[in-house]
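[1] coordinates only, sequence not included:
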DNA sequence: TGTCGATATGACCATTTGGTCAACTCTGCT
DNA sequence: AGCAGAGTTGACCAAATGGTCATATCGACA
């Protein structure tokens, strides 16, 4: 029987998750080089030696965090076909990405920091899995455009537009809070932003929005006017 | 007469600009903490002591770079009024921001890294100048919406959308190159991306595009279809 | 030629870096 | 009680960190 303490997790599991959480914050803030094991240890409330005992090395810790974030991202992706409804698919993509950003802001920033330094640890992933995913989507978008279901925009840039617009609310949170004079973005902010992005992007590439009244009542006041 | 060498600049001016250029690269890549004076010195091809002789300290160098970038940003901003044409203003904004991103990718990344770590050196700027600039724009956008010249979208989020979509092509260049399997984004890429963003964003918030045939022939094939 | 300020740089310093290691405690089992 | 393995941690290391300083060289002008 593996020992269990009051928290319900084994010692190893509990400490490792504390370390991962703390490390995600520190790496997201200062990048790989700028983060020190000492700072991570302090953020986790453990001595440096203990951190290294669990994770082995700074590099292994960093890679583990990146892999966790990529796993979250992959878990979000569902497959699509050219017979699906463009509006539903695009809106679903925007909403999923926004949810990911909201639920894992530190992970999103960690990813941003990694890409900022040239993605030395993610080359393989970017050139492999992710590229294939983007291409498969792009093909479907092109078919939709041929069918007249959306404007003939470059699908890859459309994906990047969605990526950037959603990613922004994690990576540039400090800028947004500074400009809007808030201390945090609340649930209502995220809902409104998501609705805004769905409205502008779908309309902007000529996609008819999905007309599901049952789900979460998407557009509210913004929707309805079609340039009269 | 201040001495002039073969390059036409004084020794000080020449070395300082070399150091600034090198430092921008290194800071953009690794952030403030992750960048070392040694690395900057090597990138500039000078001994570390010489770098510190010119710039005083790592912190002063970093602040100088941020200020230079903010100056570039400020230089880009032109004032607008509610009588201006929404399409022209929005498109001008997108094109200006895209040009800034293209001409100073390292500076853009430097800014991103600074905001990622919570913008400790830019709090004042974000809460002051930049906030007022955003607010003044927002007021004009709202008037346009009241006049029926655009959809009643939240103007602040619209500004952030433009910011993120353009900023993305500097900050996430590694990701874009990885996915599109290129080694660099060329002039034609930037032109096409800019046109794409203008198309989607203007159309997405219900703004009639400016009809200037004379300027640089903006939309080309993409334009013309209005959801038929 | 000598002088003076700007430029250049190696030697050096205290501190911090990632990482190792031996010693220690704790916990469960026989 | 005694043993074993997991967990814990301070001491320690070589390397790198930001920064100082004394010294040396340069170019222009007297």
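    Okay, I see it. As the structure is a computational prediction, the values presented were derived from the model and not from experiment.
[2] rest of the way, CA atoms for contacts and neighbours
    Will do.
[3] following the one helix or strand residue A:99 maps to, which helix or strand comes up?
    Secondary structure assignment for residue A:99, by DSSP states H and E: helix A:86-103. With elements assigned by DSSP H and E, the helix or strand that comes after helix A:86-103 is helix A:105-116.
[4] and that next one, what other elements does it pack with?
    Applying 3 or more CA pairs under 8 Å, 6 or more residues apart in numbering or on different chains; DSSP states H and E, one finds that helix A:105-116 contacts helix A:11-34, helix A:58-76, helix A:155-171, helix B:11-34, helix B:105-116, helix B:155-171, helix B:173-180.
[5] list of residues touching the shortest one?
    By CA atoms under 8 Å, 6 or more residues apart in numbering or on different chains, the surrounding residues in contact with helix B:173-180 are A:115-116, A:118-119, A:123, A:126-127, A:130-131, A:134, B:169, B:183-185.
[6] which of the residues you listed count as buried?
    Using 16 or more other CA atoms under 10 Å in any protein chain shown as the burial test, those include A:115, A:116, A:118, A:119, A:126, A:127, A:130, A:131, A:134, B:169 as buried.
[7] inside helices: which ones of those?
    A:115, A:116, A:131, A:134, B:169 (DSSP state H).
[8] closest to residue B:49 out of the residues you listed?
    residue A:116 (28.1 Å; CA to CA).
[9] correct me if wrong: that closest one contacts residue B:172.
    Yes. Taking contacts as CA atoms under 8 Å, residue A:116 lies within contact range of residue B:172: 6.3 Å.
[10] domain-wise, how is chain A divided?
    Taking automatic domain parsing as the reference, chain A has its domains at A:7-65, A:77-228.
[11] rank those by pLDDT, which is bottom?
    For those, mean pLDDT drops lowest on domain A:77-228, to a mean of 91.
[12] output the domains of chain A as CSV; include the columns distance to DNA strand D.
    Listed next are the domains of chain A as CSV, based on distance: least, CA to the nearest atom of the strand, whole Å:
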stretch, distance to DNA strand D
domain A:7-65, 4
domain A:77-228, 15
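[13] and of these, who's closest to DNA strand C?
    domain A:7-65 (3.1 Å; CA to the nearest atom of the strand).
[14] off-centre distance for the closest one?
    Offset of domain A:7-65 from its chain centre (CA atoms, centre = their mean, to the nearest Å): 21 Å.
[15] before we move on, what about stretch A:182-198?
    That offset, for stretch A:182-198, works out to 15 Å (CA atoms, centre = their mean).
[16] may I see the buried residues of that stretch?
    Quick answer for stretch A:182-198 (16+ other CA under 10 Å): A:192, A:193, A:194, A:195, A:196, A:197, A:198.
[17] distance to DNA strand C and secondary structure added to those, as a markdown table?
    As requested, the buried residues of stretch A:182-198 are exported to a markdown table (distance: CA to the nearest atom of the strand, whole Å; DSSP: H, G, I helix; E, B strand; the rest coil):
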| residue | distance to DNA strand C | secondary structure |
| --- | --- | --- |
| A:192 | 39 | helix |
| A:193 | 37 | helix |
| A:194 | 37 | helix |
| A:195 | 41 | helix |
| A:196 | 41 | helix |
| A:197 | 39 | helix |
| A:198 | 41 | helix |
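[18] farthest-separated two in those?
    For these, and using CA to CA, no pair is farther apart than A:192 and A:198, which are 9.9 Å apart.
[19] tell me who's in contact with residue A:15.
    residue A:54.
[20] where's it relative to residue A:203, distance?
    Separation of residue A:15 from residue A:203 (CA to CA, to the nearest Å): 47 Å.
[21] try residue A:126
    29 Å.
[22] how about residue A:187?
    From residue A:187 to residue A:203 the distance is 24 Å (CA to CA).
[23] name the helix or strand for residue A:51, please.
    Going by DSSP H and E, residue A:51 is part of helix A:48-55.
[24] buried ones in that helix?
    Buried-residue list, helix A:48-55, by 16+ other CA under 10 Å: A:48, A:51, A:52, A:55.
[25] can I get these in CSV with distance to chain B?
    Shown next, in CSV, are the buried residues of helix A:48-55 (distance: CA to the nearest CA, whole Å):
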residue, distance to chain B
A:48, 19
A:51, 21
A:52, 20
A:55, 21
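[26] filter those by proximity to DNA strand C?
    residue A:52 (CA under 7 Å from any atom of the strand).
[27] nearest to residue B:61, of the buried residues of helix A:48-55?
    For the buried residues of helix A:48-55, the minimum distance to residue B:61 (CA to CA) is 31.3 Å, reached by residue A:48.
[28] pretty sure that closest one is touching residue A:37, no?
    Yes. Judged on CA under 8 Å, residue A:48 makes contact with residue A:37 at a distance of 6.6 Å.
[29] please tell me how far residue A:171 sits from residue A:49.
    Taken as CA to CA, the span from residue A:171 to residue A:49 is 31 Å.
[30] the nearest residue to residue A:23 once chain neighbours are set aside: neighbouring residues, count only.
    Closest residue to residue A:23 apart from its sequence neighbours, by CA to CA, 6 or more residues apart in numbering or on different chains: residue A:40 at 5.3 Å. Other residues lying near residue A:40 total 24 when counted by other CA atoms under 10 Å in any protein chain shown.
[31] what of residue A:208?
    15.
[32] check contacts around it.
    So residue A:208 contacts A:86, A:87, A:149, A:150, A:202 (CA under 8 Å, 6+ apart).
[33] of all the residues you listed, which two lie farthest apart?
    Maximum distance among the contacts of residue A:208 (CA to CA): 11.1 Å, for A:149 and A:202.
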